[in-house]
Every structure is written in C-alpha cells, then in structure tokens.
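**Student:** 3D model of this:
(chains A, B and C)
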Amino acid sequence: MYNLIGAGLVVIGGGIGLGQIGGKAMEGIARQPEAAGKIQTAMIIIGALLEGLAFGALILGA
Amino acid sequence: MAVATKTIKFIAVLVLALSSFSVFAEGGDQDEKGNLIDSPEEIKEYIAHHLKDSHDFHLYTDNASGKHWGFSLPVIVWTKDGLKTFMSSAFHHDDQGKVVVEKGNARLVKLHSKIYELEAGAATVNFDESHHATNAHKVLDFSITKSVFGMLLAGLLMLLGFGALARSYKNGKSIPTGFGRVLEPLVIYVRDDIAKPNIGEKKYRKFMGFLLTVFFFIWILNLLGLTPLGFNVTGQIAVTACLAIFTMVIYMFSGSKDFWAHTLWMPGVPVILRPVLAVIELVGFVLIKPFSLLVRLFANMTAGHFVVMSLIALMITMKKSFGVVGSTGMSLVLALFITVIELLVAFLQAFIFTMLSSLFIGMAVEEHDHH
Amino acid sequence: METLINDFSVGLFFMQAFILLILILLMRKFAWKPILDALQNREDGIKNALDSAEKAKLEMQNLQADNLKLLNDARAEREAMLKEARDMKNKMIDDAKVEAQTQANSIIAQAQAAIESEKKSAMAELKNHVAGLSVDIAEKVVREELANKDKQLALVDSLLAEATLN
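**Tutor:** Down below sits the predicted model:
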C-alpha cells in the first residue's frame, strides 16, 4: 500500500521534471530554432537520466 | 547483389526453421479450466507470463482442440548431477511444477518459467502459503530460451546485414548498394552523433565496436519485441544487466590517469572531504550509473509490452460495457497508437543506452588540463 | 525488488554475456572495421578531392592573374615600341632638318667664301691692271717731262725742296 503511494509520488515528481525539461527545451527551440538538434539531444539525455532516477525509485520501492 | 542473395538465403533458412514447427498435441496442459483466457486475472497472468522468458517458442494455442503451435527449444541446465540437456517439450507446457522430468539423478520441474531441481527424495513440489517452492531450488539455466533464441536471431541479422555492407565496400566501390544504403547512414549516425561528440575525436575509434554492436543489438531486439513473435529480450533484467555491466567494465578499464586521479583524490577540494568524494564517485561509477542504464532499458521495454498487451486485452475486458465492435475498435486504435510510440521508444532506448554509454566512456577517457 | 531479483536468471545473464562478447568480436572483425575504414577512406577521398579542387581553383586564379600581367606587359611593350618609333621618326626628321640646315649653311659659306676670293682676285687683278696702267701712264708722262734738260733740273729742285732733310 505504502509502496503504491510512494510509486505515485515518484511518478508525480518524474512527470513534473519531464514537463520542465520538455517545456524549457521547447522554449529554447522556439528562441533558437537553429539549435534545435543540440537542444533535442541534450533534452533526451537529461530526460533519460531523470527517467533512470524515477525507475530506480519505482523498482527499489515496488 | 551479394546482399540480395544473402537475404534470400537467410529468409529461406528462417522459413525452413519455422516450417519445422512441431504441433504439440498433448493437450493435457491447460490451466485449471482449459478454456479461453477472458477474465482479468487470467489476462494479468498471461501478460506476466509473456513478460518472462520462456523455454519454448509458443505462437498460438488452438483452444478448441487444445493444440499449441510453436516449437520447443533445448533446455541446458547445470544440476547437482551435472549438465543435463533435453528439449523443453519434455515439460508438456507445464508451468506449475506438476510435470517432473527425471534426468539421471536430477528431478526437474518448470515453475513460472523457471526450472527448479527437486531436493533429493522429493517426488513433487511442495509450496508454502505464498506459493514458493519449499523443497526445490533454482538451477543454473543455460537453456536456449526464447530470449537467447532472439539474441541469436538478432546477432545473425546483424552479421548478415552489416557483413554484406562491409563486403560491398570491398569491390572497390565506395558507395553501398541495396539495403546497405539504409544501414550506412545509421552507422554514420552512431559514429558522428553519438560516439564522436561524447568520447572525442581522438579516442572514439577504439569504442566503436562496442557502441555500434550494442546500439544495433538493442534496437533490433526492441523491434523484434514489437513483432507478433512475442520476444521480450530487452525486457529481461538479466539481459539489460549484462549490457550495463559490459559498459561499466569498458569505462572502468579504459579510465585515464586523470579520471582515476579525479575520482579517487579530487583536486581542489579540502583533504578531509576527498575520501568521502572518492566513495561517492566510485559508487556512482560502479553501481548507480550501470544500475540506471539497466533499469531504464528494462523498465521501458517491460512497460511498453505491458501497455500494448493491456490495450489489446481491452478487447476482451471491455466487451461487456462497449459491445464487440466498440471494444475491438477502441483497443485497435489505442494499441495502434501505443505501438507507433513503442516504435519510437525502441529506437530511443537503443539511442539513449548507446549515448549514455559513450558519455560515461567519454568521462573516463577524458584528459583534463592540469590546474 | 524481490520479484525482480527472483526474475533475474543467472544462466540467461551468462548466455547474454557470451553471445554479446562473441557478437562484438565477430562484428568488429567482419563488419565494423571494414565499414568504418571504408567510410574513413571515402571521407578522406572527398576531403582530398575538395582540397585539390580548391588548389586547382587557386592555381587557375594565379594563372589568370599571370595572363593578365602578361597581357599588360605586352601592351606596355607595344606602347613603348610605338613611342620609340615615333621618337625615332621625330629625331630623324629633326636630324635631317639640322643636317640640311648645316649643309645649306656650309654651302652658303662656301659660296660666300668663293665669292669673296673671286672678288679678292678680281680686285687684285684690277689693282694690278690699274697699277700697270698707271705705271705706263707715268712712264709716258715721265718720258715727256724728261725730254729737255732744264726741266729735269727744275724738277729735281722742286723735289728736293719738297723733301725736307731731317
């Protein structure tokens, strides 16, 4: 039961984080469309790191 | 042309292999009731079963006649009595630990896709209240399971495809023909967009073998997982753990002097803090980074398979509330949508695994300016 | 976590490690090395071709510059030659003029000298003639005068009177 609440919290946190990353990346791309490729790569890497964290927490908890 | 003939040859081999399906007609295996899987519990169990590795290549079960279509794979286990090999058909599709296979002095049962060896003197498996076997233990299982079969298939595909590409350069032609034209940009992509920016122009060449192999291995296995053949290789935690440990070993062993100096005795930090930092860094490199690598790939693929299968199962579970057409349509649209996303995820996970591997390798081989 | 650890199959791990290791070695030998080498060669080839094209372009530019220079030189030379010719012509004309002038002058001078000498000789001849004539006349006069003695004496006296003895 507590596991599930913890998992929910992790997912909320991860979602907020991913939203921030994606949103800021979009802003960055909108501001400098010519840097879109670099921003996208960096976004994916940061996203992956965040995802790893969230999954780690989920799996350790579940 | 070499590509074409090779491809034809390969397809011929594949067809031959698939056409040699044995039809299992034993029919005695059914789960308790032996009827259609239609209740949520059964679906859940079915999905959980799919997510696990399996010892036979099961494609389809004809419920009316109780026939299974597919073929069995060899089981190779290391028991107390030594190495035992037999075909998985010996278990008669039993997954509940009921069929006991006797090989020499070893008595083996299959329980939830795992092979257990019964303790000496035990004739059947006894379970405790949480359905754990009390008188049996797991054996070292080197079987050609479905996952191993998938890996071999992916390896074969890679060897054929890229071998053909490599040969096409040999005849003095500098531009590949046929399917090589698709593969070549991918190789260039891995080299120029993954390896070079992260590892550096000077040192990337040494790691290309690993990075390219891992990238295409993961990608092909992810894509195989999307086919109806039902592979879930990259969703096996042992597989992703092995990949991550390969990365870890590579970057630990190719670490430059600077890397070790910065890891173990960080300059520019008060001396008291240095051992603490060294422990943190070491744990980060040895445990956390490989762990995040393995968990990311495993969790993404497992979740993808789970979601797609659940959406397909909507067809059955929603039949009562939406009718046959409604539930089928809904499940079809949603599953199609998620499958398209999974197609992207299949590439993205291969990309991220390779990207992060090269990032970590880049961290290890980097030579700092001395301050 | 426990289910995951339970799902972890050591055998599968070893099979995967074994397959991956073999696959990496095979792929390195039979695929990646030839492919990467071929790509590298091709890129080097392209780079070299581009470089040589650039070089050829530069050379072409140099050649063009050379040609232009040559053309300009030729033009300048022609100009110089024309100028020289013109100068020579002028000089020749000038020279001819000067020579003609001097020649004319010398001819005139010669003519004048000839005229002078002719004049002189004519004058001398005239003088001689006049002198001879006067001597003849004088002779005749003297002969007439000196025909009687008295007159001679009178003359001598007059002459002596005229000549003052100093």
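
**Student:** Show me how far the helix or strand hosting B:Met158 is from its chain's centre.
**Tutor:** In the assignment (DSSP states H and E), B:Met158 maps to helix B:146-170. The gap between the average C-alpha position of helix B:146-170 and the chain average comes to 16 Å, counting by C-alpha atoms, centre = their mean, to the nearest Å.

**Student:** Ok, stretch C:12-20 next?
**Tutor:** Taking C-alpha atoms, centre = their mean, one finds stretch C:12-20 lying 93 Å from the centre of the chain it belongs to.

**Student:** What parts of chain A come near chain B?
**Tutor:** Counting by C-beta under 8 Å from any C-beta of the partner chain, the residues of chain A close to chain B are A:Thr41, A:Ile44, A:Ile45, A:Ala48, A:Leu49, A:Glu51, A:Gly52, A:Leu53, A:Phe55, A:Gly56, A:Leu58, A:Ile59. Where C-beta positions appear, they are placed from N, C-alpha and C, glycine not excepted.

**Student:** tell me which residues of the helix holding B:Met158 are tucked away?
**Tutor:** By neighbour count, and taking 16 or more other C-beta atoms under 10 Å in any protein chain shown as the criterion, the buried residues in helix B:146-170 are B:146-151, B:153-155, B:157-169.

**Student:** Mind giving me the packing neighbours of it?
**Tutor:** helix B:2-19, strand B:56-62, helix B:180-189, helix B:208-226, helix C:10-27, helix C:33-145 (3 or more C-beta pairs under 8 Å, 6 or more residues apart in numbering or on different chains; DSSP states H and E).

**Student:** could those be laid out in CSV, adding mean neighbour count?
**Tutor:** CSV is the format used below for those (neighbours: other C-beta atoms under 10 Å in any protein chain shown):
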stretch, mean neighbour count
helix B:2-19, 12
strand B:56-62, 17
helix B:180-189, 16
helix B:208-226, 23
helix C:10-27, 18
helix C:33-145, 11
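
**Student:** restrict the residues of chain A next to chain B to contacts with chain C.
**Tutor:** Intersecting these with the surroundings of chain C, defined as C-beta under 8 Å from any C-beta, gives A:Ile59.

**Student:** how about the residues of chain A next to chain B, which pair is most distant?
**Tutor:** A:Thr41 and A:Ile59 (26.4 Å; C-beta to C-beta).

**Student:** if you count what's nearby, which of these two comes out ahead?
**Tutor:** Neighbour count, other C-beta atoms under 10 Å in any protein chain shown: between A:Thr41 and A:Ile59, A:Ile59 has more, with 18 against 15.

**Student:** In which helix or strand does that one reside?
**Tutor:** A:Ile59 is part of helix A:36-61 when elements are defined by DSSP H and E.

**Student:** Find the nearest non-adjacent residue to B:Phe259, please.
**Tutor:** B:Ala364 (4.9 Å; C-beta to C-beta, 6 or more residues apart in numbering or on different chains).

**Student:** and the one you found, that one's in a helix?
**Tutor:** Yes - secondary structure of B:Ala364 (DSSP: H, G, I helix; E, B strand; the rest coil): part of a helix.

**Student:** mind checking how far it is from chain A?
**Tutor:** From B:Ala364 over to chain A the distance is 17 Å, taken as C-beta to the nearest C-beta, to the nearest Å.

**Student:** isn't that residue right next to B:Val249, touching?
**Tutor:** No - the pair formed by B:Ala364 and B:Val249 falls short of the contact definition of C-beta atoms under 8 Å, at 11.2 Å.

**Student:** what's B:Leu118 sitting at in phi/psi?
**Tutor:** Backbone dihedrals for B:Leu118, given as degrees, to the nearest 10, come out at phi -70, psi 140.

**Student:** Please give me every residue in contact with it.
**Tutor:** By C-beta atoms under 8 Å, 6 or more residues apart in numbering or on different chains, the residues touching B:Leu118 are B:Val100, B:Arg107, B:Leu108, B:Val109, B:Thr124, B:Val125, B:Asn135, B:Ala136.

**Student:** who are the neighbours in contact with B:Gly326?
**Tutor:** B:Met318.

**Student:** quick one, the one helix or strand it maps to and helix A:36-61 angle?
**Tutor:** With secondary structure defined by DSSP H and E, B:Gly326 is part of helix B:319-365. Orientation note: helix B:319-365 sits at an angle of 110 degrees relative to helix A:36-61 (axes from the mean of the first three to the mean of the last three C-alpha atoms, to 10 degrees).

**Student:** A:Gly15 versus the closest residue to A:Ala25 other than its chain neighbours, what's the distance?
**Tutor:** When the adjacent residues along the chain are set aside, A:Ala25 lies closest to A:Met43, with 4.0 Å between them (C-beta to C-beta, 6+ apart). Remark: distance between A:Met43 and A:Gly15 (C-beta to C-beta, to the nearest Å) = 15 Å.

**Student:** same check, this time on B:Leu356
**Tutor:** For B:Leu356, the distance to A:Gly15 equals 21 Å [C-beta to C-beta].

**Student:** With C:Ala80 instead?
**Tutor:** Summarising the geometry, the distance separating C:Ala80 from A:Gly15, computed by C-beta to C-beta, is 88 Å.

**Student:** which intervals of chain B have sub-threshold pLDDT?
**Tutor:** Regions of chain B meeting the criterion pLDDT under 70 cover residues B:1-37, B:63, B:66, B:369-371.

**Student:** Using the record's domain definitions, break it down for me.
**Tutor:** By the record's domain assignment, chain B is partitioned as B:74-143, B:147-365 (automatic domain parsing).

**Student:** Pick the most deeply packed of the ones you listed.
**Tutor:** domain B:147-365 (a mean of 18; mean count of other C-beta atoms under 10 Å in any protein chain shown).

**Student:** Give me the distance between that one and the centre of its chain.
**Tutor:** Its chain's average C-alpha position is 11 Å from that of domain B:147-365, according to C-alpha atoms, centre = their mean.

**Student:** Flag every residue of the stretch 151-300 of chain B that's near chain C.
**Tutor:** Where proximity means C-beta under 8 Å from any C-beta, the interface of the stretch 151-300 of chain B facing chain C comprises B:151-152, B:155, B:158-159, B:162-163, B:165-167, B:169-170, B:174-175, B:184, B:187-188, B:191, B:205, B:208-210, B:212-214, B:217, B:236-239, B:241-243, B:245-246.

**Student:** top helix in chain A by residue count?
**Tutor:** As far as residue count goes, and with DSSP state H defining each element, the longest helix of chain A is helix A:2-31.

**Student:** So which other helices or strands are in contact with that one?
**Tutor:** Using 3+ C-beta pairs under 8 Å, 6+ apart, helix A:2-31 sits against helix A:36-61.

**Student:** Quick one: list the elements packing against the helix it packs on.
**Tutor:** For helix A:36-61, the packing partners by 3+ C-beta pairs under 8 Å, 6+ apart are helix A:2-31, helix B:289-317, helix B:319-365.

**Student:** The one helix or strand in chain C whose mean pLDDT sits lowest near chain A anywhere?
**Tutor:** Of all helical and strand segments in chain C, the minimum by mean pLDDT, DSSP states H and E falls on helix C:2-7, at a mean of 74. Yes - Helix C:2-7 is in contact with chain A by C-beta under 8 Å from any C-beta, via C:Thr3, C:Leu4.
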